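Visitor: Any chance you could fold what I've pasted below:
(2 chains)
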Amino acid sequence: MSRITIGIPKALPYYYLNDFWESFFSNLDVDLVYSCDTNNEIIERGERYANDEMCLSLKVYLGHIDYLKDKCDYLLIPRIEDYGNRNQMCTNFLALYDLVNNLFDVHILNYNISSKEDELKSLIKMGEEIDISEEDIKKAYKKSIKLKTDSKKSDQDNLLIVAHPYVVYDESIGKPIINMLNKYPYNIIYSDCFDAEKCNINGSILSPNLYWKYPKENIGSILMTPNLKGIIFLSSFPCALDSLVNEYIIRKIDKPYLNIIIDNIDSLTGIETRIESFMDIVTQN
Amino acid sequence: MGDYIIPSKYLLKHLINYEIIEPPKITSKTKEIGEKYSPEFVCTPFKYTLGTMIEALELGANTLIQFGGGCRYGYYHELQRQIINDLGYQCEVINLISGGKLINLKSLLKKFHIKKLKGLYYTFITIKMIKYMDKIDDYIRLNACYEKEVGSMKKIKEQMLKAFSETKGYFDLIKKYYYFKRKLKKVPKVNKEVMKIGLIGELYTLMEPMANYHIEDELIKMGCRVKRFTNVTYLLFQKKKAVKKYLKNFFIKYRMGSDALDNIHHTKYLCEHDYDGIIHIKSSFCTPEVTAIPIIDKVAKEYNVPIIFFSMNLNTSETGIKTRLEAFYDMLEMRKKR
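Guide: Presented below is the predicted three-dimensional model:
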């Protein structure tokens, strides 16, 4: 019997969980298939399924699903609810599984990450779907490593990009903007490059009532960056959490900032002009 | 939010020693203020509440109470406080529910010098009052289309609200409720065929008549029997139990945040109970509803029940909504005749 192939769309949860998935599934008897990097065609495919008020990243996700649906036996779609009461997730992550399940006619491998449910138990349930025994799942889970990042220290002048990884690392959304920034003599730091726990604490100092995990860590990185010369907020239109949190932080900090909201990847020239004038301000400071 | 100002005002009046300023009704000026100081693509309730807050501050308020709730709503107050302070007003914003949980009730009691027993008594009356109000509202929504003289039920409701705001105690409240309920039932009715319409959607836009451009009154005027699930009683007391039941639904496996799951289930309920049409209302950019809409659409299609989606904004034109509603109604009528 041929091995089962599991498709992983390169969007939304991919950027948070892929390190775990890679090591977890390498210990099991399955093959992983990834979708290609985001491009115009994928976004167009996503827009066919999405309704017009969905955020750009969710549209991209649906595009990736459409691309992958004939190329694998199962699609891996986790559902992430929260990591504790003060560490909640965007509602898009809560709805991912049900949304895809109703929009597409595909086989889905699904497990639930929630503070109310044990992750391992949920994974075992998932294993039953593809006929992998409880023992194997337990073994693979033990061997797998969880994502850990360390901060890169640098004495250079730093520019901090505050953004969700699924925006900033995306080939079509974030990459062009990073390429524009690389022309300038500044060291670019991403907000998810720091120790998550410390970021979380710093985030609650800046905004005591914030209860979303990733926005909290993103803004926490502002306090942790040395030699900070300027901050660039990058979000996809209309991100529910960023619309409130970024606005709040902009009112709190006294550093030069640039707030970029991307709703269409065709119109990047306008953003280039804004970056140029922002860089002038940073250099003059 | 709608008529709920009466019970909340009643509660505060009896509990704390502050002067209570009733927030002014939402007008186009409120919208203008809200729009001006809000971030661009935040959901619409933020703009309405911010506008109301600033207007209340202009009237001399120095403590504001924001209710808060499950989704983004629980974080509103932090940004609103910052915006208000940046505008130069000195004030305090108290938030009651954040991240889906009621916060620091004890410190709140201490702060306003509220005695526990007294607090409990008046909270109890207020809750009862809200429940009665919701019951009356449900009755009116279902029966107003039959009334002989248009608007007679609404008149009675207004009298009732006035009487409720002057409630003296628990038994007084009960007496008043039954008096007005009897009065409502005596309203002369005409027997006629009506359209059964289900109203679902996001909570603020559903419950604040200004935010949904009086869509309920409009429907009743057209002669529709309106069923609406969302009200404060449902959100506070029935939702938790109901959600567990909803999860056995065929279409969904998990909770989807805020009221998305409830709305999907209610769509199914309405389809199964022979409703002629469904109207879904939300404020623009309401994320939980946006992810629910494709599923709601699918459910309605499967049962072959017409559904219309309204996304309400501050700049939505009232005539535009009316036209779409009338077209929807005509379509339903043609379907029925066939």
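Visitor: Am I right that A:Ile8 is in contact with A:Phe20?
Guide: No. Using CB atoms under 8 Å, A:Ile8 is not in contact with A:Phe20, being 11.5 Å away. (Glycine included, C-beta is placed from N, CA and C.)
Visitor: now for the lengthiest helix in chain B, which elements pack on it?
Guide: Counting residues, the longest helix in chain B under DSSP state H turns out to be helix B:116-143. Here helix B:116-143 touches helix B:5-15, helix B:152-165, helix B:170-185, strand B:224-228, helix B:232-233, going by 3 or more CB pairs under 8 Å, 6 or more residues apart in numbering or on different chains; DSSP states H and E.
Visitor: Next, the buried residues of that helix.
Guide: B:119, B:122, B:125-134, B:136-138, B:140-141, B:143 (16 or more other CB atoms under 10 Å in any protein chain shown).
Visitor: The residue in the stretch 151-300 of chain B that chain A sits nearest to is in what secondary structure piece?
Guide: When scored by CB to the nearest CB, the stretch 151-300 of chain B has B:Gly257 as its residue closest to chain A, at 3.3 Å. Using DSSP states H and E, no element contains B:Gly257; it sits outside every helix and strand.
Visitor: ok, now which ones touch the most centrally placed residue in chain A?
Guide: For chain A, A:Tyr166 is the residue whose C-alpha lies nearest the centre (CA atoms, centre = their mean; 3.2 Å). Shown in contact with A:Tyr166 (CB atoms under 8 Å, 6 or more residues apart in numbering or on different chains): A:11-12, A:14-16, A:57.
Visitor: List the ones among these that fall in helices.
Guide: Using DSSP H, the contacts of A:Tyr166 in helices are A:14-16, A:57.
Visitor: Please list the residues of the stretch 101-250 of chain A that sit near chain B.
Guide: A:101-103, A:110, A:112, A:207-212, A:237-238, A:240-241, A:243-245, A:247-248 (CB under 8 Å from any CB of the partner chain).
Visitor: Out of these, which end up buried?
Guide: A:101-103, A:110, A:112, A:207, A:209-212, A:237-238, A:240-241, A:243-245, A:247-248.
Visitor: how does the chain divide up, domain by domain?
Guide: Going with chain A. A:4-143, A:158-284 (automatic domain parsing).
Visitor: right idea, wrong chain: chain B
Guide: Taken from automatic domain parsing, chain B resolves into B:17-112, B:114-192, B:193-338.
Visitor: Run through the residues of the stretch 151-300 of chain B sitting next to chain A.
Guide: B:251-258, B:260, B:284-285, B:287-288, B:290-295, B:298.
Visitor: quick one: the strands in the stretch 101-250 of chain A?
Guide: A:108-109, A:112-113, A:158-162, A:187-190, A:228-236 (DSSP state E, counting those that start in this stretch).
Visitor: how about the third one as CSV, C-alpha atoms only?
Guide: If I follow you right, that is strand A:158-162. The C-alpha coordinates for strand A:158-162 follow below in CSV (Å, rounded to 0.1, in the frame of the first residue of the first chain):
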residue,chain,number,x,y,z
ASN,A,158,17.6,48.4,14.2
LEU,A,159,14.3,48.7,12.4
LEU,A,160,11.6,46.6,13.9
ILE,A,161,8.8,45.0,11.8
VAL,A,162,5.7,44.4,13.9
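Visitor: any idea how far that strand is from the chain center?
Guide: 17 Å (CA atoms, centre = their mean, to the nearest Å).
Visitor: ditto for the last one
Guide: For strand A:228-236, the separation from the chain centroid amounts to 16 Å (computed by CA atoms, centre = their mean).
Visitor: strands paired with it, and their directions?
Guide: Sheet pairing here is set by DSSP bridges, and for strand A:228-236 it gives strand A:158-162 (parallel), strand A:257-262 (parallel).
Visitor: related to what we said a few turns ago, which one of A:Ile8 and A:Phe20 has more residues nearby?
Guide: A:Ile8 (23 against 16; other CB atoms under 10 Å in any protein chain shown).
Visitor: show me what contacts the more buried one?
Guide: A:14, A:18, A:21, A:32-35, A:68, A:75-76.
Visitor: For A:Arg251, grab the count of nearby residues.
Guide: 12.
Visitor: For it, list the residues it contacts.
Guide: Counted by CB under 8 Å, 6+ apart, A:Arg251 has contacts B:82-83, B:86.
Visitor: Any chance of the residues you listed in JSON lines with neighbour count, secondary structure and distance to B:Ser165 as columns?
Guide: Converted to JSON lines, the contacts of A:Arg251 look like this (neighbours: other CB atoms under 10 Å in any protein chain shown; DSSP: H, G, I helix; E, B strand; the rest coil; distance: CB to CB, whole Å):
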{"residue": "B:Gln82", "neighbour count": "18", "secondary structure": "helix", "distance to B:Ser165": "34"}
{"residue": "B:Ile83", "neighbour count": "20", "secondary structure": "helix", "distance to B:Ser165": "31"}
{"residue": "B:Asp86", "neighbour count": "10", "secondary structure": "helix", "distance to B:Ser165": "35"}
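Visitor: and chain A, which of the residues you listed contact it?
Guide: Near chain A, by the rule CB under 8 Å from any CB, you find B:82-83, B:86 out of the contacts of A:Arg251.
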